[in-house]
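Colleague: give me coordinates for this.
(one chain, ligands or ions: 1)
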Amino acid sequence: MAIEDKVLKLLRASSNILSGEILAKELKVSRVAIWKTVNRLKERGYPIQIRKRGYFLENKDIFLKEDLEDITVKSKIFDNFVYLWKTNSTMDVARALAEEGKNVIVLAECQTQGRGRLGRKWESPLGGLWLTLSLKSSIPLKKSFFLTYLASVATAKAIREVTNLSAKVKWPNDVLVMGKKVAGILLEIKAEVDALIYALVGIGINVNNALSEKPYLIPAASLKDLVGTPVSRKELLEKLIIEFESLYENLDGVLQEWKALSETLGRQVKVRTLQESIEGVALDLNEDGALLVKTKEGTIKAIFSGDCYHLR
Ligand code: BT5
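Modeller: Numbers count the residues shown, from 1 in each chain. Model (predicted):
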């Protein structure tokens with residue numbers, strides 16, 4: 001284990017200030033080595049206070065490499081974990097690795113340019129789970145957005161298991177709890193002719209993070225606000241990857257699972273696509289994964305993408 005990880009591990013475990021002397025003794029290095037390591041960590045953005053009596057990690061809700069390695073060791077799909085304190089967007093880091101043919105999980109503590117669909121801004125401060133799964137895949141192109149449904153279902157299930165909140169999925173890419181958006185999915189793909197080369201599945205979950213007062217596309221909340229206490233991001237991440245992998249093994253079953261957790265089906269909705277705005281009742285998903293909406297004129301429209309508003 002690198003000295004940075006060892007220092008972080010000790011600071012994370014301690015509710016008191018740890019002196020340079022204690023750290024040096026524990027890790028069998030000099031106090032200067034500790035001081036240099038702490039400064040390197042601070043440069044990376046870790047919130048370590050340097051006080052007269054020693055060092056103190058202000059935010060204990062951080063991941064250590066070993067937490068994440070546990071996940072990849074158990075994983076059947078992902079062979080690498082990239083963990084960053086701060087990055088523009090995990091989508092961009094994951095794309096570069098996918099181009100090298102890697103199946104990787106990229107996770108950042110915060111993003112400066114997190115994005116949603118159509119280049120919208122996604123707020124990603126400390127305390128949330130912001131990750132991208134990069135996945136080599138040869139699934140047919142027309143099934144690619146099954147991956148959005150898959151990630152939504154995996155996220156909703158993981159939230160249910162860890163918090164007992166009754167998380168639901170909303171068409172096309174949201175996870176809601178009590179009508180509030182707690183997570184969003186962003187799918188970006190590279191394809192050739194009619195098959196995927198790789199997919200980048202971005203998952204953003206408001207766990208313990210604060211949200212700004214801005215009006216969002218739909219009302220938002222964090223799990224911490226809904227539960228009333230902080231939620232273990234480590235447990236949530238582990239469950240999320242397990243659920244993701246088990247759904248991925250049976251991609252054709254994903255639509256059924258999505259329907260079972262759907263907050264959209266059966267509702268009066270308004271869907272804005274790039275071309276038009278459609279109002280009607282959300283009936284079902286067809287076998288290609290399109291949302292079927294019955295308008296008041298009685299026509300049934302199959303919609304593949306758009307923004308959906310629940311009217312009633
Ligand atoms: C999404 O887009 O919901 C997809 C969000 C995907 C974020 C992940 S985080 C890891 C990975 N790296 C990235 O850069 N992105 C992915 P969409 O349905 O277009 O919703 C975007 C809209 O949600 C914004 O226009 C805001 O109105 C609202 N919004 C922004 N930040 C939010 C947040 N933290 N929680 C809830 N709503 C938010």
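
Colleague: what residues does the chain put near the ligand?
Modeller: Counting by CB under 6 Å from any ligand atom, the positions of the chain adjacent to the ligand are 89-91, 111, 114-117, 120-124, 130-132, 173, 181, 184-186, 202-204, 206, 211, 216-217, 220. To be clear about C-beta, it is placed using only N, CA and C from the backbone, and glycine gets the same treatment.

Colleague: mind listing which of those residues are in helices?
Modeller: Judged by DSSP state H, helices contain the following of the residues of the chain next to the ligand: 90-91.

Colleague: the helix or strand of the chain with the lowest mean pLDDT packs against which elements?
Modeller: Averaged element by element with mean pLDDT, DSSP states H and E, the chain has its least confident helix or strand at helix 65-74 (a mean of 87). Packing contacts for helix 65-74, counted by 3 or more CB pairs under 8 Å, 6 or more residues apart in numbering; DSSP states H and E, involve helix 3-13, strand 80-87, strand 104-111, helix 233-248.

Colleague: tilt between that helix and strand 104-111?
Modeller: 150 degrees (axes from the mean of the first three to the mean of the last three CA atoms, to 10 degrees).

Colleague: hey, what's the residue of the stretch 101-250 of the chain found nearest the ligand bridged with?
Modeller: Nearest to the ligand in the stretch 101-250 of the chain, going by CB to the nearest ligand atom, is Gly184, at a distance of 2.0 Å. With DSSP bridges as the criterion, the beta-bridge partners of Gly184 are Asp174, Gly204.

Colleague: strands of this structure, start to end?
Modeller: Applying DSSP state E to the chain gives strands spanning 48-51, 54-57, 80-87, 104-111, 129-136, 168-170, 174-177, 180-192, 195-205, 268-272, 277-285, 291-294, 300-303, 307-310.

Colleague: switch those over to JSON lines; also include mean neighbour count and mean pLDDT.
Modeller: Listed next are the strands of the chain as JSON lines, based on neighbours: other CB atoms under 10 Å; pLDDT from 0 to 100:
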{"stretch": "strand 48-51", "mean neighbour count": "14", "mean pLDDT": "94"}
{"stretch": "strand 54-57", "mean neighbour count": "20", "mean pLDDT": "96"}
{"stretch": "strand 80-87", "mean neighbour count": "18", "mean pLDDT": "92"}
{"stretch": "strand 104-111", "mean neighbour count": "24", "mean pLDDT": "96"}
{"stretch": "strand 129-136", "mean neighbour count": "25", "mean pLDDT": "96"}
{"stretch": "strand 168-170", "mean neighbour count": "24", "mean pLDDT": "98"}
{"stretch": "strand 174-177", "mean neighbour count": "25", "mean pLDDT": "98"}
{"stretch": "strand 180-192", "mean neighbour count": "20", "mean pLDDT": "96"}
{"stretch": "strand 195-205", "mean neighbour count": "22", "mean pLDDT": "96"}
{"stretch": "strand 268-272", "mean neighbour count": "17", "mean pLDDT": "97"}
{"stretch": "strand 277-285", "mean neighbour count": "17", "mean pLDDT": "97"}
{"stretch": "strand 291-294", "mean neighbour count": "20", "mean pLDDT": "98"}
{"stretch": "strand 300-303", "mean neighbour count": "15", "mean pLDDT": "97"}
{"stretch": "strand 307-310", "mean neighbour count": "18", "mean pLDDT": "95"}
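
Colleague: what's the mean pLDDT across the longest helix anywhere in the chain?
Modeller: Under DSSP H, the helix in the chain containing the largest number of residues is helix 146-163. Rounded to a whole number, the mean pLDDT of helix 146-163 is 98.

Colleague: show me what counts as buried in it.
Modeller: Of the residues in helix 146-163, those with enough neighbours to count as buried (16 or more other CB atoms under 10 Å) are 146-163.

Colleague: just stretch 218-236 next, same as before
Modeller: When neighbours are counted by 16+ other CB under 10 Å, the buried residues of stretch 218-236 are found to be 218, 220-227, 231, 233-234, 236.
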